[in-house]
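K.L.:
got a sequence here, can you build the structure:
(chains A and B)
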Protein chains: 2
Amino acid sequence: MDAELLTIGSELTSGATVNTNAAYLARRLAALGIPCRRQISVGDERTGLAEALREALRRCDLLITTGGLGPTFDDITMATIAEVTQHPLRFSPMVAATVRRFYTRRHRQLQRAALRQAYLPQGGAPLPNPLGTAPGLWLRLEEQVVVALPGVPAEMRAIMERHVLPRLKRLGAGGVIESHTLRTAGLVELSIESILRTLRIPECVQIGLYPHLRMVDIRLTAAAPSRQAARRALSRIERPLRRALGMSVYGTGEDTLEGVVGELLVKRRRTIAVAESCTGGLVCDRLTNVPGSSRYIKGGLVAYHNEVKRQHLDVSDAMLARFGAVSAPVARKMAEGVRRLADADVGLAITGIAGPTGGTAKKPVGLVYLALADPRNTLTRRCQFFGDRLSIKTQAAQTALDFLRRSLLSSSRNQ
Amino acid sequence: MDAELLTIGSELTSGATVNTNAAYLARRLAALGIPCRRQISVGDERTGLAEALREALRRCDLLITTGGLGPTFDDITMATIAEVTQHPLRFSPMVAATVRRFYTRRHRQLQRAALRQAYLPQGGAPLPNPLGTAPGLWLRLEEQVVVALPGVPAEMRAIMERHVLPRLKRLGAGGVIESHTLRTAGLVELSIESILRTLRIPECVQIGLYPHLRMVDIRLTAAAPSRQAARRALSRIERPLRRALGMSVYGTGEDTLEGVVGELLVKRRRTIAVAESCTGGLVCDRLTNVPGSSRYIKGGLVAYHNEVKRQHLDVSDAMLARFGAVSAPVARKMAEGVRRLADADVGLAITGIAGPTGGTAKKPVGLVYLALADPRNTLTRRCQFFGDRLSIKTQAAQTALDFLRRSLLSSSRNQ
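P.N.:
Take a look at the predicted model:
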């Protein structure tokens, strides 16, 4: 069974709203093994909508629409589905009673227009909406199913979970699709590709690479007759792939680097403090995005001005004069200083040149030093990044968190 | 001129990634007066992509694609555009040189596959990518334009802003469309709507409201026979609108709140330091995103743990016991403390409960206190935000920056 999504609303085609409904629906369908081949967004305009409906119904077995089910003049989805499928609108007394009840409960007067929502294409089943008045629609055509859902995300999800997914499960969907994402840091896309070329990839598995700044996600997708067969195929490739990637795999699925680092800190019972220069607070911001991070984050110092480095992190004038603020010795002092300042187990420091100005031939824009101090010793690392100011800040923060992660992993091995 | 967007990537059709590119592109096109009739997402699969390209080119004047431009096997956009438009791929020595330079600069070995990116459909112009190796494409067909952009949002945006928008403006679209955006902070959408209802809006002007967390952008678009007429119409509505909105307008166009605050600090010759609790470094991060911000940012302290507040910001045990860490007196002490600590003119402090846990009946999740200390006095402000952890952090940072902006504006008036 192949699906397509048709998300309807001028707020989508104008870009005023980001289309989160499509991503949600595709994920829920994938979990049932129903691949979504195409997603289309059109505005609240009859000709364009009718054309898109007709085209989609020529291609797919299951069409899910969202939006355009409300009581106002620009809600044209039911009428257009009725027209395109030649299932004319019929009044549903059951839906009308639900709409009336909705208004009475809220002590609001029923407006005539609200009853427009009681008209559904003939033969279609209304799908009750627990959060609003507009019901969804389940319409079986000869060999296809059309589902219409409201555009309000909460209402759409509620109807999908309660009424659509159970019906789809009952329909059965032939094969099963399973997918799994490995998240990596510290490797570029092409290195991962050359690793993949050395591995035997099962025929039913597809691999996609999704690079972000200094990270690459690897998505493995298997299509097979049964869930077990799909999972077996996935683990057949995942095991050797993980072996080849080693420590570069920081997590799976929706894991974040800051979340993984947080778990390691909790597991190792370590607290942390961060001294940031060029990243300006971004590393601390990311670490504190994790719920419960107050267990291990003592605090941070944004030592933007050299005076702050001098006064609070023990970076001496002589050192600044000799090595400059962007140097390994200063990074080391900053990490050790913030560790002491906040009375933490681990001190992490970042100093660099985010640009666009401030670079020299010897110390170009994008040069960043990292340092990590724990009770036993201090490690430093030199990095050269490229891009604009924000990109350099992001790459520096990303690499600093990964530096911390790798060091926590090694220290747990050594003890 | 009618546009369609074709966003390519199995991460979109599977729902793994929310499609923010489509919303961004639609907004930028709308600002030029180019309506986007349809958005389509397809996976990294040749047949489906070719079919979607063919259909879109039957309907629209301008087709923008994103994704599938990288060097790996699943990057098939250029080849498929070449096939569908019958403009076969040609090797571009210029692009190849850029790719080589990209690798040399990073001291990385050029991998053969990277040069796949140097093949473009014949007659197409490469659009330089300032952040990566994959160039974009501008391809004029007889009566249409096809633009191909990378899928990585930062790269896609950079090429769109630098190369595509200027070309689209030069193409012209019959009449002239001018648009202008006022950016506001501190007002909700409905308040702005009721202000708009009191004003006479010229017939040729369209107004769109685009709310973000604690900000609303107001976009004014005028369509007129000449540039002057369009600008005249815009200023006829802009002047009374600005009067009604007062201090809530913080900027225009692409201005950011942190950029505007930075300019005010430079103008008033003030330096600043920030003490953050619940925002965890986000305010400092945003302030340091502005190039040249080292002129006015002394530094910041992320006082996540109460011990750090006590030791470095003079917040006493008695005060923490009596009022709690999330209180106006503690915010005041933090602002005054960080001002002294970093030897800055102004101290800004944020303390609150970002959640999801840690709230009580009296101090619920989302409660945030702000404080602003200058040599003469300290102001505090209490806010209640709603949403998840990240949304509360964002709203708190946003409101803190706006608090600082308004105070800098008033102080400049009083002196």
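K.L.:
need the residues of the stretch 1-150 of chain A near chain B, please.
P.N.:
A:12-20, A:22-30, A:35-43, A:48, A:52, A:55 (C-beta under 8 Å from any C-beta of the partner chain). From N, CA and C alone the C-beta is placed, and that goes for glycine too.
K.L.:
among those residues, which lie within helices?
P.N.:
Using DSSP state H, the members of the residues of the stretch 1-150 of chain A next to chain B that fall within helices are A:12-13, A:20, A:22-30, A:48, A:52, A:55.
K.L.:
list the contacts for A:Val84?
P.N.:
A:Ala50, A:Leu53, A:Arg54, A:Leu57 (C-beta atoms under 8 Å, 6 or more residues apart in numbering or on different chains).
K.L.:
check what pLDDT A:Gly132 gets.
P.N.:
pLDDT recorded at A:Gly132 is 82.
K.L.:
for the one 10 residues further on, same thing?
P.N.:
You'll see A:Glu142 listed with a pLDDT of 77.
K.L.:
where does it sit: helix, strand or coil?
P.N.:
coil (DSSP: H, G, I helix; E, B strand; the rest coil).
K.L.:
burial count for it?
P.N.:
4 (other C-beta atoms under 10 Å in any protein chain shown).
K.L.:
related to what we said a few turns ago, from the ones in helices among the residues of the stretch 1-150 of chain A next to chain B, which has minimum pLDDT?
P.N.:
In terms of pLDDT, the lowest of these is A:Ala30, showing 85.
K.L.:
apart from its chain neighbours, what residue comes closest to the one residue in the stretch 101-250 of chain A that gets nearest to chain B?
P.N.:
Minimum separation of the stretch 101-250 of chain A from chain B (C-beta to the nearest C-beta) falls at A:Leu190, amounting to 4.9 Å. Computed as C-beta to C-beta, 6 or more residues apart in numbering or on different chains, the closest residue to A:Leu190 that is not its neighbour in sequence is B:Gln111, at 4.9 Å.
K.L.:
wait, the one you found sits on A:Glu189?
P.N.:
No: when contacts are counted by C-beta atoms under 8 Å, B:Gln111 is not listed as touching A:Glu189 (9.9 Å).
K.L.:
common neighbours of the two, please.
P.N.:
Each of B:Pro71 lies in contact with both B:Gln111 and A:Glu189 under the rule C-beta under 8 Å, 6+ apart.
K.L.:
the more surrounded of those two?
P.N.:
Shown here are B:Gln111 and A:Glu189; by other C-beta under 10 Å, A:Glu189 has more neighbours (19 against 16).
K.L.:
not counting its neighbours along the chain, what's nearest that one?
P.N.:
With C-beta to C-beta, 6+ apart, the residue lying closest to A:Glu189 is A:Pro211, at 4.8 Å.
K.L.:
kindly report the same for A:Gln39.
P.N.:
Nearest non-adjacent residue to A:Gln39 (C-beta to C-beta, 6+ apart): B:Ser41, at 4.0 Å.
K.L.:
again, but for A:Arg382
P.N.:
Closest to A:Arg382 by C-beta to C-beta, 6+ apart is A:Tyr369, at 5.7 Å.
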